[in-house]
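Peer 1: Below is the sequence, then the predicted model.
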Amino acid sequence: MFREETLRSTETVKLHKRITRLKKLAQKYKRAEIAQTALLDISNFAASVATPEEFYSSLHQSLKKLIPADNFFIATLDPTTEHIAVPFFADEKDLHPEDIYPDEDLSDILRSGLTGYVLQTEQALLCNNDTFDKLVKSNAIKPRGSDCHQWVGVPIKSADRTSGVLVVQSYDPNIEYGEIEIELMNFISHHISAVIERLQYQEQLELAIETRTKELSVAYNKLKLEVYERRRAERLQKTLFEIADLATSNIDNLEFYEKLHRVISHLIPINNCFISMMNEERDLLTFPYFVSQHNLDPRQPRAVSDGLTEYIIFNGKPRLLNRSDIDALVKAGQIYCKAPELNNTKNIHQWIGLPLFIHGKVSGSLTIYSYSYSQNYQEKDLELLTFVSQHISTAIEKKLSAESLQISYEQLEKKVQERTQALASVNESLENEINQRKRIERQLVHDAQHDNLTGLPNRAMLMERLSQSIKHVRRHTNEKFAVLFIDMDRFKLLNDTLGHLEGDRFLIEISKRLKFCIRGNDMLARLGGDEFVILLDSVASQADAEDVVERVLIELSHPFTLANQLINSSASIGLAMSGMSNADTSESMLRNADNAMYQAKSKGKGCYAIYSQADNTKQMQDLELENELKQALAKGELQLSYLPIMELDTERVIAFEPRLFWHHPALGKVKQLQLNNIADHCNMLIELDTYMLTKIDDGFHSLQQHFGVDFHLHVAISSQHLSHKHALRALKNKIKQCSFNPSKLTLFFNEKAFVQNTNNHINAFEVLSSLNVQLGIEGYGSAHSAISSLTFLPIKALKLDSSYTTHLGSEQHLKLIKAYYSATKALEIELFAVGVSTKEACQILSDIGFTKGQGVALGEVLVLKPASNKIYA
């Protein structure tokens, strides 16, 4: 009976657990359905929007359906100018950064805050008040804007670069963001990067079209002007023809001048004019033709005097005179001085006088004038009438009229022909420009889908072809395709040593070799850098795809001739087959091949790996562990232990080596070495070291209370702090912020990292020495660096690699240990034995001359609880 009740109780517990799991799955599927619907909306309007502003606004509305996003903005980074802009901004408290800081550059504002931090790290950031304070204290950011409860920023990545940041924040403590929101925003950011590139390309294309349209409009206006000039020339030609007809017509003088007036009026409006002629003796003026809009009486012959008409004749030059010009001539005494009664020009607004050359000398004039201010003559009218007056003079010369007219006609015909030829040339040039525009448009479309260096299809074209292949195999389930992700090994080293020009030649040669390995229906694309992708269309089996992979490896293993020398290279290839999942997408297929490529690199490079679901599960677990470590750092869940370092003979504690450990809910106790491996994979070694220094500073005074003041701290630290000046500056600031004396601190850097980048370590050691901290090398002997390098390094201590103490029975190892001991003693450098596990090993090391060491035989690891001020073994 008791056994049956126990069984029922066990079954009940299992049933409750299953119900709990099912509820969680139901919530997860419901959330996934909501996210899928919203992401589908994003994809739909991303394909239909015409401007980035419209897209950002629609994206904001869709994002608000998934997560609380009332406070949301997007920052974009121009890769050419490195300028950061905020094309969309919505906030409950703050105005746009440009309005808050009108006197500062927007890029500088954003680069110094959390947005710039995400752009710099290219990693998503979930920032609460604690994280914000730590970033401010470490000088990683400057506080900007109003205080918020949480701030989430994810990078927008395009190809191999970060092109912006997607940000949401909350002021309400009841709103909490987590990994789900970050994962969702990361997913959205991958979608919007392509949309932003498309919209930017569309804007650039529209701008180019607008610019070209303006150029064509200018050309069209020039053409219109040419047409106007041609028509004007045609009217002028017609006028000259009519004047020529008048010259040969058999009519009396009055009718001749009336018709001449009517002909000239076709060119410009003439309401008032008269023709004056001077006799052979040049003492009498006659007026054979006179017309006035006020119906004045014709002018009678008079003696030559100093009137305005004589002024034109005697000067022999055409003149356009305004009212002020006439008054100035009168005031200067040049006209109407002798005969002021002749001055009838008081009401005249403008006056045009044209001398008439008869028989080679000025014998008369053509005068045109206006009373109205609304009728204004211009210099071009004067030029036109000057030209016509020559033909009028010729017409008056009845004997020479035919010859003069013929010459004028030939000259005019020549000009018309030249102008016609010029217009034809303009039309031909316009047609060429239109054809060139079409070629440019075709080239722009080609450039948008191909790599500039190799001419291969780019990522956009590959993703489109991948999508087509996925749709095809879904309709034809018996067919398959494969994706090969190819990454050249040591390309960065080759590029840095031989230069970018040779690096480009290397990539071009790779593309040629890869083309030999594929069929005509396959696609070869370059994603950027040294990354290539092959889409094998319609493969019968995985074995056929592996044959192609092996052929590619063989082809790329042949030496390359670069910079007049043979260079050997290899490739790591990831292979992903279609049909692994019904939910395959172009992004997931490419990601699977990429993951397999990294597996190939981890196996030793120069080989290939095939994607499997199990490997992906392992990677997801590793990724989850990395995220858990980030959260543990943020929450301060990692604890500190101290390994004692003692004198071998007296076992007196002289120093401690702090080590971090983590009580993981599933993995149990995670020690320093495993923490370093996890942090190395997620690029968090610097954050891990900074966390440890903070913990050391917090517990230092409690450690002093238990062990006095006569001890040192040996801190093993990552060489990533020395990789660039910003990381080194952050390390310096962290050491300066410590409350204890820096002379108590010895920083140990790994020998392998020192060998790989000696120059960085040498320069950084000089900077760190100025802080009064001591420097050392750990793991010494593992990378076999030259002992001579110790002579120019400002180091005070060496820690042998632990492998030496575990092989004390080897005669060769003993010789090496004695050599290291002698060298360090001569250089006055402290040498520590590491990994001393037995009393026998301790005795052997003492016999050699070692006085200091660490290991399980020299004391247990201690855990200090600062809150209770107690020591635990």
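Peer 2: Nice, thanks for sending it over.
Peer 1: residues touching Tyr289, list them.
Peer 2: Shown in contact with Tyr289 (C-beta atoms under 8 Å, 6 or more residues apart in numbering): Leu254, Tyr257, Glu258, Leu260, His261, Cys273, Phe274, Ile275. The C-beta positions use only the backbone N, C-alpha and C, and glycine is treated the same way.
Peer 1: so which strand or helix has it?
Peer 2: Here Tyr289, judged by DSSP states H and E, is contained in strand 284-291.
Peer 1: Same question for Tyr177.
Peer 2: Judged by DSSP H and E, Tyr177 forms part of no helix or strand.
Peer 1: Skip the chain neighbours and tell me the closest residue to Met277.
Peer 2: Excluding its sequence neighbours, the residue lying closest to Met277 (C-beta to C-beta, 6 or more residues apart in numbering) is Gly364, at 4.0 Å.
Peer 1: Check the most far-flung residue of the chain relative to its centre and give its pLDDT.
Peer 2: Distance to the chain centre peaks in the chain at Glu281, reaching 87.0 Å (criterion: C-alpha atoms, centre = their mean). For Glu281, the model assigns a pLDDT of 85.
Peer 1: hang on, the earlier thing: out of the contacts of Tyr289, the closest to Ala90 would be?
Peer 2: Distance to Ala90, by C-beta to C-beta, is smallest for Cys273 among the contacts of Tyr289, at 74.1 Å.
Peer 1: is it true that the residue nearest to Met277 touches Leu356?
Peer 2: Yes - between Gly364 and Leu356 a contact is recorded at 4.2 Å, counting by C-beta atoms under 8 Å.
Peer 1: what about these two, which has more around it?
Peer 2: Comparing Gly364 with Leu356 by neighbour count (other C-beta atoms under 10 Å), the higher total belongs to Gly364, at 26 against 23.
Peer 1: dump the residue contacts of that one.
Peer 2: Ile275, Ser276, Met277, Met278, Ile313, Pro355, Leu356, Ile358, Ile396.
Peer 1: Can I get stretch 178-189 as PDB, trimmed to CA atoms?
Peer 2: Provided in PDB are the C-alpha atoms of stretch 178-189 (Å, rounded to 0.1, in the frame of the first residue of the first chain):
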ATOM      1  CA  GLY A 178      16.100  40.700 -20.900                       C
ATOM      2  CA  GLU A 179      17.800  38.300 -23.300                       C
ATOM      3  CA  ILE A 180      14.600  37.800 -25.300                       C
ATOM      4  CA  GLU A 181      14.300  41.500 -26.100                       C
ATOM      5  CA  ILE A 182      18.000  41.600 -27.000                       C
ATOM      6  CA  GLU A 183      17.700  38.600 -29.200                       C
ATOM      7  CA  LEU A 184      14.600  40.100 -30.900                       C
ATOM      8  CA  MET A 185      16.300  43.400 -31.400                       C
ATOM      9  CA  ASN A 186      19.400  41.600 -32.800                       C
ATOM     10  CA  PHE A 187      17.200  39.800 -35.200                       C
ATOM     11  CA  ILE A 188      15.400  43.000 -36.300                       C
ATOM     12  CA  SER A 189      18.800  44.800 -36.700                       C
END
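Peer 1: Buried residues, it. List them.
Peer 2: By 16 or more other C-beta atoms under 10 Å, the buried positions in stretch 178-189 come out as Glu181, Ile182, Leu184, Met185, Asn186, Ile188, Ser189.
Peer 1: name the element the fourth one belongs to?
Peer 2: Counting by DSSP H and E, the secondary-structure element that holds Met185 is helix 179-248.
Peer 1: and the buried residues of stretch 178-189 as CSV, adding pLDDT and distance to Asp160?
Peer 2: Output for those, formatted as CSV (pLDDT from 0 to 100; distance: C-beta to C-beta, whole Å):
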residue, pLDDT, distance to Asp160
Glu181, 80, 26
Ile182, 82, 22
Leu184, 80, 23
Met185, 81, 20
Asn186, 81, 17
Ile188, 78, 20
Ser189, 78, 15
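Peer 1: Out of the residues you listed, flag the one nearest to Ser837.
Peer 2: Of the buried residues of stretch 178-189, the one sitting nearest to Ser837 (C-beta to C-beta) turns out to be Ile182, at 44.2 Å.
Peer 1: Any chance of the backbone angles for the residue nearest to Met277?
Peer 2: Per-residue torsions, Gly364: phi -180, psi -170 (degrees, to the nearest 10).
Peer 1: Check what pLDDT it gets.
Peer 2: For Gly364, the model assigns a pLDDT of 88.
Peer 1: Also Ala600?
Peer 2: pLDDT, read off for Ala600, is 85.
Peer 1: On the three-state scheme, Ile777 is what?
Peer 2: Counting by DSSP: H, G, I helix; E, B strand; the rest coil, the backbone at Ile777 sits in strand.
Peer 1: who's in contact with it?
Peer 2: Applying C-beta under 8 Å, 6+ apart to Ile777 gives the contacts Phe748, Phe749, Asn750, Glu751, Phe754, Leu793, Ile795, Ala797, Leu798, Lys799.
Peer 1: strand partners of the helix or strand hosting the first one, parallel vs antiparallel please.
Peer 2: With the criterion set as DSSP H and E, the secondary-structure element containing Phe748 is strand 745-750. Its sheet considered, strand 745-750 pairs with strand 712-716 (parallel), strand 774-780 (parallel) by DSSP bridges.
Peer 1: closest one to Tyr336 among the ones you listed?
Peer 2: strand 774-780 (106.5 Å).
Peer 1: could you pull out the strands for the stretch 501-650 of the chain?
Peer 2: Applying DSSP state E, counting those that start in this stretch to the stretch 501-650 of the chain gives strands spanning 523-528, 531-539, 560-562, 565-567, 571-577, 608-610, 639-647.
Peer 1: which stretches of the stretch 51-200 of the chain form helices?
Peer 2: 52-66, 97-100, 106-111, 114-121, 129-137, 179-248 (DSSP state H, counting those that start in this stretch).
Peer 1: and among those helices, the most buried is which?
Peer 2: Each of those was scored by mean neighbour count; the highest is helix 114-121, a mean of 21, by mean count of other C-beta atoms under 10 Å.
Peer 1: C-alpha coordinates for it, CSV please?
Peer 2: Extracted C-alpha coordinates of helix 114-121, given in CSV (Å, rounded to 0.1, in the frame of the first residue of the first chain):
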residue,chain,number,x,y,z
LEU,A,114,26.3,54.3,-24.5
THR,A,115,25.6,54.5,-28.3
GLY,A,116,29.3,55.0,-29.0
TYR,A,117,30.2,52.2,-26.6
VAL,A,118,28.0,49.8,-28.6
LEU,A,119,29.5,51.0,-31.9
GLN,A,120,33.0,50.5,-30.4
THR,A,121,32.4,47.0,-28.9
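Peer 1: Who are the packing partners of it?
Peer 2: The contact analysis (3 or more C-beta pairs under 8 Å, 6 or more residues apart in numbering; DSSP states H and E) places helix 114-121 against strand 71-77, strand 84-90, strand 125-127, helix 129-137, strand 150-158, strand 161-170.
Peer 1: Phe711 contacts Glu657, correct?
Peer 2: No - taking contacts as C-beta under 8 Å, Phe711 lies outside contact range of Glu657: 11.2 Å.
Peer 1: Mind checking which of the two has more residues around it?
Peer 2: Taking other C-beta under 10 Å, Phe711 and Glu657 do not tie; Glu657 has more neighbours (23 against 18).
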